[in-house]
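Trainee: model the structure of this input:
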Amino acid sequence: MFWSIFGLVTAIKLLFLPAYRSTDFEVHRNWLAITHSLPISKWYVEATSEWTLDYPPIFAYFEYILSHFAKYFDENMLKVDNLNYDSNETIEFQRLSVIITDIVYAIGAKRCIAHLSPTASKQRILCAVLLGNFGLLIIDHIHFQYNGILFGILLLSIAYMCEEKFLKSAFCFAVLLNMKHIFVYVSPVYIVYLLKVYCWHSLSLPRAILNLTKLGMITIGVTMVSFGPFMHQMPQVLSRLFPFKRGLCHAYWAPNFWAIYNIVDKAASIGLGSASNSSNTGGLVQEYSHEVLPVIQPHTTFIITIVAMIPCIMKIAFGAYNKSTSKFDFIRGIVICGCTSFLFGWHVHEKAILMAVIPLSILMTINESEYKHMGFLSIVSYFSLFPLLFRSNLAVIKISLLVTHILIIANGQWSIWPTANNKCIFPIYELLYIIGLVGLLFYEFCLQYLLKLDRRLPFLPLLLISVYCSLGIIYFWVRYYVAFLFCDRISNKKTRKNHKLN
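Mentor: Numbering: from 1, shown residues only. This next block holds a predicted model:
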């Protein structure tokens with residue numbers, strides 16, 4: 001069943017080979033050229049293209065390996081000065097490389113499914129949701145990126161943790177951090193959980209020290225292999241990895257707390273008559289500088305993010321340890337920290353919401369409450385990704401994919417929990433909010449043209465989507481966080497009951 005669904009999804013991905021692709025396509029082509037054509041000492045210095053290498057070294061090594069296959073398709077794509085090169089062979093290679101490396105995601109998903117979903121019906125739903133992940137389909141296989149392999153490693157790490165293969169889990173996560181450093185936001189969950197379960201719960205103090213040493217050796221070893229060749233140029237590498245000058249928000253405001261902060265500042269500046277005509281108030285396509293509210297600095301977002309994570313980390317660190325249910329709290333911690341970093345982080349990209357959605361997905365079959373949480377967050381989050389596919393000829397594709405996801409979610413609840421038949425998966429207020437998403441589509445595709453606002457306020461659809469979806473994601477974060485902190489006994493009791501029934 002698993003590999004049949006994987007094959008079907010792969011066939012769908014192949015249909016997207018000629019589809020629209022973003023500037024990220026050129027970003028990765030340029031990285032192929034840099035890693036293939038230049039000595040390693042030049043990788044983080046080269047600046048012929050504006051799309052300089054800004055991922056950690058293990059991802060650069062990954063690009064280097066890919067480049068040795070790319071030369072058999074078209075060697076011209078591996079020339080550093082061949083900017084915006086997109087021959088048919090280049091397109092085919094880069095698209096196929098994403099599809100092929102998705103096997104890592106499939107392997108990670110399979111291990112999680114086998115461990116967390118004991119029944120066939122639950123495995124079938126989870127296979128469909130994970131393998132047919134809406135976000136990965138449009139971000140990787142249309143927009144173009146390599147998130148599949150990254151989340152595959154994350155899922156492998158989570159699976160190993162649940163299987164109590166702690167060193168393998170730590171190794172996978174160390175590799176992941178050295179491929180994409182945004183995952184550092186969930187590292188506190190790993191650190192605290194490993195110290196608590198693998199070290200503190202050891203049989204003796206010498207054993208605990210030995211286990212701690214093993215963890216340290218793995219982390220340091222992977223980091224040294226990753227950054228070792230660049231030790232003489234670490235300031236330059238770090239300046240690439242942490243480009244704080246990019247501004248608080250990305251071009252399209254990710255639907256987080258700062259989107260609301262920005263719009264409040266915009267409204268206040270208009271109300272006080274201080275709104276300027278500068279580009280920073282011209283929409284969502286450029287960096288935004290606040291006019292009324294305090295200007296936010298990188299360290300401010302870091303402090304807010306860490307403080308917001310503290311209750312979650314404290315719960316994992318000092319909560320009662322139960323061998324059968326603590327692993328679920330570990331995954332919930334990843335969801336909460338991933339969502340927290342999305343809401344309050346610096347220069348957050350819209351795709352970062354997958355750091356919460358994908359880990360939450362693997363929990364969706366353990367009890368009905370988790371299922372509903374996942375259903376709500378995934379619908380809102382996937383809708384928030386719509387602006388990435390801004391071309392009108394992609395509207396049918398993105399709407400169809402989201403509708404398919406919603407149908408899978410609805411059918412899954414009714415098949416796993418038959419008592420939910422004829423009942424809406426969401427409470428009425430969540431359902432009304434989701435119906436509001438349809439209203440946003442109506443405005444974008446119809447109403448703005450009828451009101452002749454498409455030229456006067458061309459950025460308004462993006463603004464509405466960003467702010468509206470941010471409200472939904474903040475609502476999820478608060479509700480899920482409260483449930484995690486105060487309702488875990490009820491949730492874990494339901495989880496144990498479900499597993500006994502299975």
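Trainee: run the chain-centre distance for stretch 154-168.
Mentor: 19 Å (Cα atoms, centre = their mean, to the nearest Å).
Trainee: with only the CA atoms kept, save that stretch in PDB.
Mentor: Output of stretch 154-168 as PDB, limited to C-alpha atoms (Å, rounded to 0.1, in the frame of the first residue of the first chain):
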ATOM      1  CA  LEU A 154      13.600  14.900  10.400                       C
ATOM      2  CA  LEU A 155      11.100  12.100  10.200                       C
ATOM      3  CA  LEU A 156      13.900   9.500  10.400                       C
ATOM      4  CA  SER A 157      15.200  11.300  13.500                       C
ATOM      5  CA  ILE A 158      11.800  11.300  15.100                       C
ATOM      6  CA  ALA A 159      11.200   7.600  14.200                       C
ATOM      7  CA  TYR A 160      14.500   6.600  15.800                       C
ATOM      8  CA  MET A 161      13.700   8.700  18.900                       C
ATOM      9  CA  CYS A 162      10.300   6.900  19.200                       C
ATOM     10  CA  GLU A 163      12.200   3.500  18.800                       C
ATOM     11  CA  GLU A 164      14.600   4.600  21.600                       C
ATOM     12  CA  LYS A 165      17.500   4.500  19.100                       C
ATOM     13  CA  PHE A 166      18.700   7.700  20.600                       C
ATOM     14  CA  LEU A 167      22.200   7.900  19.000                       C
ATOM     15  CA  LYS A 168      20.800   7.400  15.600                       C
END
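Trainee: may I see the buried residues of it?
Mentor: Across stretch 154-168, burial judged by 16 or more other Cβ atoms under 10 Å covers 154, 155, 156, 157, 158, 159, 160, 161, 162, 166, 168. All C-beta atoms are positioned from the backbone trio N, CA, C, and that covers glycine.
Trainee: with secondary structure and pLDDT added, can I get the residues you listed in a markdown table?
Mentor: Formatted as a markdown table, the buried residues of stretch 154-168 follow (DSSP: H, G, I helix; E, B strand; the rest coil; pLDDT from 0 to 100):
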| residue | secondary structure | pLDDT |
| --- | --- | --- |
| 154 | helix | 98 |
| 155 | helix | 98 |
| 156 | helix | 98 |
| 157 | helix | 98 |
| 158 | helix | 97 |
| 159 | helix | 97 |
| 160 | helix | 97 |
| 161 | helix | 97 |
| 162 | helix | 94 |
| 166 | helix | 97 |
| 168 | helix | 98 |
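Trainee: next, give phi and psi for residue 348.
Mentor: phi -80, psi 130 (degrees, to the nearest 10).
Trainee: residues contacting it?
Mentor: The contact partners of residue 348, by Cβ atoms under 8 Å, 6 or more residues apart in numbering, come to 249, 250, 254, 256, 258, 341, 342.
Trainee: quick check: it vs residue 223, distance?
Mentor: 25 Å (Cβ to Cβ, to the nearest Å).
Trainee: any stretches of the stretch 401-502 of the chain with poor pLDDT?
Mentor: 417-422, 488-502 (pLDDT under 70).
Trainee: show me where it has its strands.
Mentor: Secondary structure of the stretch 401-502 of the chain by DSSP state E, counting those that start in this stretch: no strands are present.
Trainee: what ranges does it have for its helices?
Mentor: With DSSP state H, counting those that start in this stretch applied, the stretch 401-502 of the chain shows helices at 428-442, 448-450, 460-486, 488-501, listed in chain order.
Trainee: just give me the closest of the contacts of residue 348 to residue 106.
Mentor: Using Cβ to Cβ, residue 342 is the member of these that lies nearest residue 106, at 24.9 Å.
Trainee: can you name every helix or strand that the strand or helix carrying that closest one contacts?
Mentor: Assigning secondary structure by DSSP states H and E places residue 342 in helix 326-344. When contacts are defined as 3 or more Cβ pairs under 8 Å, 6 or more residues apart in numbering; DSSP states H and E, helix 326-344 packs onto helix 147-162, helix 187-193, helix 257-271, helix 298-318, helix 354-361, helix 460-486, helix 488-501.
Trainee: neighbouring contacts of the shortest one?
Mentor: Helix 187-193 is contacted from outside by 157, 161, 169-170, 173, 177, 309, 312-313, 316-317, 326, 330, 333-334, 337, using Cβ under 8 Å, 6+ apart.
Trainee: where's it relative to the chain centroid, distance-wise?
Mentor: 18 Å.
Trainee: now it - C-alpha only, CSV.
Mentor: Output in CSV follows, covering the C-alpha atoms of helix 187-193 (Å, rounded to 0.1, in the frame of the first residue of the first chain):
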residue,chain,number,x,y,z
SER,A,187,16.8,21.8,18.8
PRO,A,188,15.9,22.7,22.5
VAL,A,189,13.3,19.9,22.4
TYR,A,190,16.0,17.4,21.2
ILE,A,191,18.5,18.6,23.8
VAL,A,192,16.1,18.5,26.8
TYR,A,193,14.5,15.2,25.8
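Trainee: right, and the helix or strand after it?
Mentor: helix 205-227.
Trainee: buried ones in the helix or strand just after that next one?
Mentor: Counting by DSSP H and E, the next helix or strand C-terminal to helix 205-227 is helix 234-241. Residues of helix 234-241 classed as buried by neighbour count (16+ other Cβ under 10 Å): 237, 240.
Trainee: quick one: average pLDDT of helix 234-241?
Mentor: Averaging pLDDT along helix 234-241 yields 94.
Trainee: go on, stretch 314-334?
Mentor: Mean pLDDT, computed over stretch 314-334, is 91.
Trainee: start to end distance for it?
Mentor: End-to-end distance for stretch 314-334, by Cα to Cα, to the nearest Å: 13 Å.
Trainee: tell me the buried residues in it?
Mentor: Those would be 315-317, 325-334, for stretch 314-334 by 16+ other Cβ under 10 Å.
Trainee: quick one: it to chain centroid distance?
Mentor: That offset, for stretch 314-334, works out to 22 Å (Cα atoms, centre = their mean).
Trainee: could you list the low-pLDDT ranges of this protein?
Mentor: In the chain, residues with pLDDT under 70: 202, 273-288, 417-422, 488-502.
Trainee: spatially central residue in it, please.
Mentor: residue 354 (2.5 Å; Cα atoms, centre = their mean).
Trainee: tell me which helix or strand the nearest residue to it once chain neighbours are set aside sits in.
Mentor: If the residues on either side of it in the chain are set aside, residue 354 comes closest to residue 135, at 4.9 Å by Cβ to Cβ, 6 or more residues apart in numbering. Per DSSP H and E: residue 135 is located in helix 134-138.
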